[in-house]
Structure formats: C-alpha cells, structure tokens
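Visitor: Give me the fold of what follows.
(one chain, ligands or ions: 2)
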Amino acid sequence: MKFASWRLVRELVELSHVVLELTDSRDPLNTRSTRLEKIVTNSGKPLLVVINKADLVPRDICEEWKEYFEKKLRYRAVYISARSRLGTHILRRNLKRITQKSRTVEGRIVVSIFGLPKVGKSTLVNVLKGRHSASTSPYPGSPGYTFRARLFNIGGGIYLIDTPGIVPPEGGDVESIIRSRPVDELENPEKVAVDLVLKVLKYNKKAFLEAYNIESDNPYEIIAGVARLRGWVRGGELDMFEASKKIIRDYLDGEIVYYYSPYEVGLMP
Ligand SMILES: Nc1nc2c(ncn2[C@@H]2O[C@H](COP(=O)(O)OP(=O)(O)O)[C@@H](O)[C@H]2O)c(=O)[nH]1
Ligand SMILES: [Mg+2]
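Guide: Ligands and ions are numbered 1, 2, ... in the order given. Prediction:
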C-alpha cells in the first residue's frame with residue numbers, strides 16, 4: 001500500500017468537481033480523515049462522505065451516521081455497500097445533484113475517491129466502472145504537477161480519476177493501527193489483535209460467535225480458538241501469531257461485525 005502525499009491529495013482535489021471520502025460504517029469516526037476533509041473544505045469543492053460496508057450495520061445506525069455527518073459536520077453523506085452493490089444508484093444521483101452548478105460546458109463531472117486503506121475504494125471503483133469502461137483516457141487539459149490524471153468514464157457524464165487517494169490514518173485508535181501498514185508488517189500483531197477483539201466485543205458480544213463459532217469473551221481464548229480452528233501449531237503450541245493476523249485480515253475484509261451509534265458515544269445530543 002502506498003499512501004498519497006498530501007501534495008498529491010491537494011492536486012487530485014483541485015482536478016475534481018466533487019470529492020468522495022469513503023469510511024467504514026462499523027467505525028466511521030476512526031476511518032475518516034479530518035485532514036482530507038480540511039483540504040477539501042479549503043478548496044471549496046463539495047465533499048460527499050460515503051459510509052461504506054453498510055451491509056454490516058443496521059440501517060438506523062447508518063442513518064444516524066449520515067445525520068451526524070450532515071447536521072453536525074455540514075457535509076453531504078450517503079451510505080452504501082460497495083460489495084453488495086447497494087446504494088450505488090443513490091450515490092450517482094447525489095454526484096449529479098451536487099455538481100449541477102459546477103459542471104464543465106461539456107457536462108463532464110470529475111470525481112475523485114479518497115479513504116484509508118481497506119475502506120473499499122477499489123471495490124467501489126469496480127462497481128462504478130461496471131460495464132462502462134475498462135480503460136482510461138487522459139484528463140483533457142489537466143496540468144499534472146506530480147502525476148498525469150487519467151479518467152474512467154463511468155456513464156452519465158461522470159468521470160472517475162483513476163488514482164484513488166490512499167490517505168494515511170490519524171490518531172491512535174486500533175483502526176488506525178491496522179490500516180497503517182500491511183498486516184504482515186505489523187510490529188506486534190498479537191497485541192493489535194487483542195486490542196481489536198476487545199474493541200469489537202465492547203460493542204458486539206456475539207461477533208466472534210458469528211464469525212468463527214467461538215464462544216468466549218477472552219481475547220486470548222478467541223485468538224487461540226482461531227488457531228485451533230485452522231490447525232495452526234508452531235513449536236507444539238497453538239500459533240497465536242498467525243491467528244492474530246488472520247483475525248485482523250478478516251476484520252479488514254468485512255467479515256467481523258460490530259457498530260455503534262454516534263448518539264451512544266455522545267457525538268449527538
Ligand atoms: N462487507 C463488506 N465488505 C466490503 C465492502 N466493500 C469492500 N469490502 C471488503 O473490504 C476489503 C477492502 O476492500 P478494497 O476495495 O480492497 O479497499 P481499498 O483498500 O480501500 O481499495 C475487501 O475484502 C472487500 O471485499 C462492503 O460494502 N461490505
Ligand atoms: Mg485499493
């Protein structure tokens with residue numbers, strides 16, 4: 001994974017009519033980038049927050065996060081499931097509505113996509129591309145300071161910039177840690193997995209029963225359970241190291257479910 005420099009982010013934003021910020025519905029708060037939001041706000045370009053992986057979270061919770069982003073932060077927001085292809089029509093409709101005034105004469109809408117690693121950027125790009133185009137064309141008249149933008153035509157006059165901006169995580173939450181580098185390069189995957197399991201259990205006691213059929217509220221037992229399930233042994237002991245990485249990967253792949261409401265954590269009155 002290669003993070004975009006903030007310079008590249010600014011350049012991509014400058015080339016866009018509208019900017020998408022993808023977040024993970026299980027924890028939108030810790031999968032957003034306030035730094036990205038600031039850059040977009042300062043540029044005067046409209047920001048559309050996309051709460052993705054909505055298939056994992058009840059609809060009311062998605063609505064509450066949408067309300068948080070819209071009423072409290074004054075951004076626009078939609079929730080979708082890129083993997084289940086839910087909400088992508090609403091997303092297209094929003095892109096058109098938001099850009100009605102800023103479109104170029106030819107009616108072209110240029111959209112850029114940003115987000116932390118593993119929030120679903122590639123999945124969304126593929127869904128939006130659909131049958132429309134597999135190929136890109138150069139961005140006409142784009143100056144290209146650090147790179148040359150290319151565009152996917154995704155139909156309806158909408159063009160996606162082909163370089164999704166991978167933004168570096170901020171803050172110390174476990175979400176930021178697991179998205180800061182590839183799982184294989186995490187310094188202490190066991191500690192990270194313990195923190196992740198504890199966080200998930202705090203909001204969903206049944207998460208690991210649902211994911212692995214393991215009934216426990218002890219993170220070490222849960223990690224050991226995954227090692228046992230897989231038959232992973234090292235030096236005659238259950239391989240906690242591999243099992244920890246497996247849990248983190250499954251979480252990032254959207255296989256482990258938890259959520260919380262912005263009301264519950266005091267973000268909304
Ligand atoms: N449950 C669920 N998983 C998703 C969704 N969108 C993407 N994923 C999964 O999340 C993981 C990361 O997705 P990817 O598109 O590679 O994210 P990127 O790193 O932002 O490009 C993959 O395992 C996807 O299958 C979604 O809407 N729901
Ligand atoms: Mg990707």
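
Visitor: What does the pLDDT read for the residue of the chain found nearest ligand 2?
Guide: Ligand 2 sits closest to residue 122 of the chain, with a gap of 3.3 Å, by CB to the ion. Yep, even glycine has a C-beta here, placed from its N, CA and C like the rest. At residue 122, the model reports a pLDDT of 94.

Visitor: again with residue 136
Guide: 79.

Visitor: Hmm, it is touching residue 162, no?
Guide: Yes - counting by CB atoms under 8 Å, residue 162 is a contact partner of residue 136 at 4.7 Å.

Visitor: Report the set of residues contacting both of these two.
Guide: Common neighbours of residue 136 and residue 162, using CB atoms under 8 Å, 6 or more residues apart in numbering, are 150-152.

Visitor: Show me what residue 51 bridges to in the sheet.
Guide: residue 23, residue 79 (DSSP bridges).

Visitor: Return the alpha-carbon coordinates of the longest helix along the chain using CSV.
Guide: If each helix of the chain is counted by residues according to DSSP state H, the longest one is helix 189-203. Extracted in CSV, the C-alpha atoms of helix 189-203 (Å, rounded to 0.1, in the frame of the first residue of the first chain):
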residue,chain,number,x,y,z
PRO,A,189,0.1,-8.5,15.6
GLU,A,190,-0.9,-10.3,18.8
LYS,A,191,-1.2,-7.1,20.8
VAL,A,192,-3.1,-5.4,18.0
ALA,A,193,-5.4,-8.4,17.6
VAL,A,194,-6.1,-8.4,21.4
ASP,A,195,-7.0,-4.6,21.2
LEU,A,196,-9.2,-5.2,18.2
VAL,A,197,-11.0,-8.1,19.7
LEU,A,198,-11.6,-6.2,22.9
LYS,A,199,-13.0,-3.2,20.9
VAL,A,200,-15.3,-5.4,18.8
LEU,A,201,-16.5,-7.3,21.9
LYS,A,202,-17.3,-4.0,23.7
TYR,A,203,-20.0,-3.3,21.0
